[in-house]
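A.B. asks: Mind folding the following:
(2 chains)
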Protein chains: 2
Amino acid sequence: MNEHDDPHAHKHPAHVDGLSVVAVIGDGQLARMTQTAAIELGLSLRLLAGTDNSSAAQVTADVVVGDYTNLDDLLRAVDGATVVTFDHEHVPQEHLAVLASRGVNLQPGPGALKYAQNKLAMRTMLAEHGLPVPVFAEITGAHDAGAFWDLVQSRVCVKAASGGYDGKGVWFPGSKQEMIELVDRLLSDGVQVLAEEKITLTRELSAMVARRPSGETKVWPVVESVQEDGICTTAIAPAPGISDTLARTAQDIAVTIAGTLGVTGVMAVELFEFTAPDGTQRVSINELAMRPHNTGHWTQDGCVTSQFEQHIRAVADAPLGDTSPTADYTCMVNVLGADTDPEMGIKARVREVWKRFPEAKIHLYGKDWRPGRKLGHVTIAASDRSPKKLLADTRCAAGFLMHARWEDGYTTTG
Amino acid sequence: MNEHDDPHAHKHPAHVDGLSVVAVIGDGQLARMTQTAAIELGLSLRLLAGTDNSSAAQVTADVVVGDYTNLDDLLRAVDGATVVTFDHEHVPQEHLAVLASRGVNLQPGPGALKYAQNKLAMRTMLAEHGLPVPVFAEITGAHDAGAFWDLVQSRVCVKAASGGYDGKGVWFPGSKQEMIELVDRLLSDGVQVLAEEKITLTRELSAMVARRPSGETKVWPVVESVQEDGICTTAIAPAPGISDTLARTAQDIAVTIAGTLGVTGVMAVELFEFTAPDGTQRVSINELAMRPHNTGHWTQDGCVTSQFEQHIRAVADAPLGDTSPTADYTCMVNVLGADTDPEMGIKARVREVWKRFPEAKIHLYGKDWRPGRKLGHVTIAASDRSPKKLLADTRCAAGFLMHARWEDGYTTTG
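C.D. replies: This is a model prediction of the structure:
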């Protein structure tokens, strides 16, 4: 078949005949970095963006401005697209169902996305398949809450089943009474609630996998991630000191979930590493994200195939790329908006970082400063220093972009 | 100084306050790949493009459609730009002079670009500074032509002083009479002509350097390049078997030229490697390109800092990035339009290549097929095979994208 005859070929000048038109619902940094990868593959994204100056819309020629909760806007954005994917999990299931019923090629599909949208459904499904999850229960009233508190001996984490991200929608009540009051409030607000046993963790890991609709999967090295206030701030790959066995277990879990839930594209499985009673290190599944993920940004600069390129290949059902690392370790640290925007402009801060760390790769998302907002990230891929030094260097670089000062007291003369 | 007050800040939604607005004159694949690098740096290019579906315009939100030989179009494109750079050398000097006189920040400036625009001026300047160039002379008539033929004992290369690229504007006359007739024709067409001694070369090399207006320079490993019919088709870095001495010499030449001519941004110095009478390998300067260059594409996938990122940093006078390679060898092979466009569509060809070579990075430029046209390139960065095998693999991958067949007879079952 001559694919120049592809009936889906769209005539916007951003797209060339014979190649896929990949529509992305969402306009944040994940879509922006997917656009970078798309360009090199000869493509260009179609975006459904909230505004024409959003992070991804700034750098995309074919932008549909609209609202992903509005079905008409969704229909405009997907018209003529070869495949439709997402930079977040928030498109309502009822709209996804309509798109699917009209033959729109959604990757991942609604059947998989519902598990990323609802933590209770996700937990239930994973437990049914024997995958390691914390003890959990849906909480529908004060009685449930009290019983769960006792069951896990006060080690409780309460979550909204849907809608949370970056630490939002997660609570750690300090007493049974506090838990009961919290649950009452959430339930009366119409929030579906689950409770989980709070795990005493050694650290957090992330196992990322890509899966094609036709079944091929590829995993990346397992990452250690550091969360602060529920926001991923640091990732290092591979997770320093992880045993081959545990790494393989984490990767196998990701592959199993992808296959079991029918996930397509890139998925991140956030894991808790903990010490089992027998003294071995084990993992328990925390969250799933069915899209490129913060813990995969390191692949842009430290891996043969980045998560963004792989996501495009996977959702287009094309053969997946090599996921070998290109350095011994790669570290990624997020640049978050500081409490106050430094007097020194961002352009000058970038220069200072490049001056000190010529090997640092700075990624900025085109977003205005706001305290705590993810504005960019820094990666350093290195084979010439210890993971500890690499972490320190990368944190230092990202810290300067945030605060315009060196956390380690570094100074230059002249 | 708070750089949010930058008076150059442009209000097009493609650009964010506080960062540079980089305008590029030109709309080809070099501008396209510069846009990729720009996006990750938090920027977005402003383009002066011939059409809105050109290679770079497809992937850029802020496009001025116009003609780079038209001063008004140039003025529209540079309005509000922090810095202006180029993806080719063809903007007329008189227009560059006007832009410079109006305070437009051109990088490289007209004083440097004139040497990339005129090979006679370039040769003369380099010879005056004692840099190794072939024997050359301006040819202004039949007498000059005959005398030069005799001087170099018939080993003649005739060049148009300006306007040539990819083998255009270069001739190898077979006899003195043929040379005289060629020169007569060129001169009567108003072409400025130079003749050079044709060197018996071992191979072609490329030394790439980046230089900031304030003087900092960084070089990449020296590349071996293969030209076919005057078009660069293959590059491998570092040049296999090159001695440290010769590599250093080539890099020093590039740094010296950049400093002497006041080049800013990325420059490629194309070199001939030849065997001197004493048996040692030497180099002689062939051409200069004051922009990212085909022999630098490997840096996208095999180097800490790509030539495109470095070009942006250099023209913006920001500290330059680490140019260390990330693999033992990286090979790049161009994808040229075949004589006939294969029946198998490009999308299917890409899939076949990825299936066989998961480590191959495919870059496509969004251009329609035309015989001999540069449509893309493939790179493989590897530390697990010999340069010879790497070359064979990369050629095979690029060959399949061109011809939809494996040059080595590879077949799969099932």
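A.B. asks: A:Ala145 and A:Glu181 touch, don't they?
C.D. replies: No. In this structure A:Ala145 lies outside contact range of A:Glu181 using CB atoms under 8 Å: 9.1 Å. Glycine gets a C-beta too; all of them are placed from N, C-alpha and C.
A.B. asks: okay, the two: which has more neighbours?
C.D. replies: Counted by other CB atoms under 10 Å in any protein chain shown, A:Ala145 and A:Glu181 do not tie: A:Ala145 has more neighbours, with 27 against 14.
A.B. asks: Helix or strand for the more buried one, just tell me which one.
C.D. replies: A:Ala145 is part of helix A:142-151, with elements assigned from DSSP states H and E.
A.B. asks: which one is the residue most central in space within chain A nearest to, not counting chain neighbours?
C.D. replies: Closest to where the C-alpha atoms of chain A average out (CA atoms, centre = their mean) is A:His293, at 2.2 Å. Nearest residue to A:His293, sequence neighbours excluded (CB to CB, 6 or more residues apart in numbering or on different chains): A:Ala268, at 3.4 Å.
A.B. asks: A:His15 too?
C.D. replies: In space, and not counting its chain neighbours, A:His15 is closest to A:Val21: 5.1 Å by CB to CB, 6+ apart.
A.B. asks: repeat for A:Val64
C.D. replies: Nearest to A:Val64 is A:Ala77, by CB to CB, 6+ apart, at 4.4 Å.
A.B. asks: if we can go back for a sec, pretty sure the residue nearest to A:His293 is in contact with A:Glu204, am I right?
C.D. replies: No. Using CB under 8 Å, A:Ala268 makes no contact with A:Glu204, being 11.4 Å away.
A.B. asks: Neighbour count for these two, which is higher?
C.D. replies: A:Ala268 (25 against 21).
A.B. asks: helix or strand for the more buried one, which one?
C.D. replies: Using DSSP H and E, A:Ala268 sits within strand A:265-275.
A.B. asks: And that strand, what's buried?
C.D. replies: A:Gly265, A:Val266, A:Met267, A:Ala268, A:Val269, A:Glu270, A:Leu271, A:Phe272, A:Glu273, A:Phe274 (16 or more other CB atoms under 10 Å in any protein chain shown).
A.B. asks: quick one: average confidence on that strand?
C.D. replies: Taken as a whole, strand A:265-275 has an average pLDDT of 97.
A.B. asks: name the helices or strands packed onto it?
C.D. replies: Helices and strands touching strand A:265-275, by 3 or more CB pairs under 8 Å, 6 or more residues apart in numbering or on different chains; DSSP states H and E, are strand A:201-211, helix A:244-261, strand A:281-289, helix A:307-315.
A.B. asks: so which of these gets nearest chain B?
C.D. replies: Nearest to chain B among the helices and strands packed on strand A:265-275 is helix A:307-315 (7.1 Å), distances taken as CB to the nearest CB.
A.B. asks: Tell me which helix or strand comes right after that closest one.
C.D. replies: Proceeding N to C from helix A:307-315, the next assigned helix or strand is strand A:329-336, under DSSP H and E.
A.B. asks: after that following strand comes which helix or strand?
C.D. replies: Downstream of strand A:329-336, the next assigned helix or strand under DSSP H and E is helix A:346-356.
A.B. asks: ok, A:Asn105 touching A:Gly80?
C.D. replies: No. At 11.5 Å, A:Asn105 does not count as touching A:Gly80 under the criterion of CB under 8 Å.
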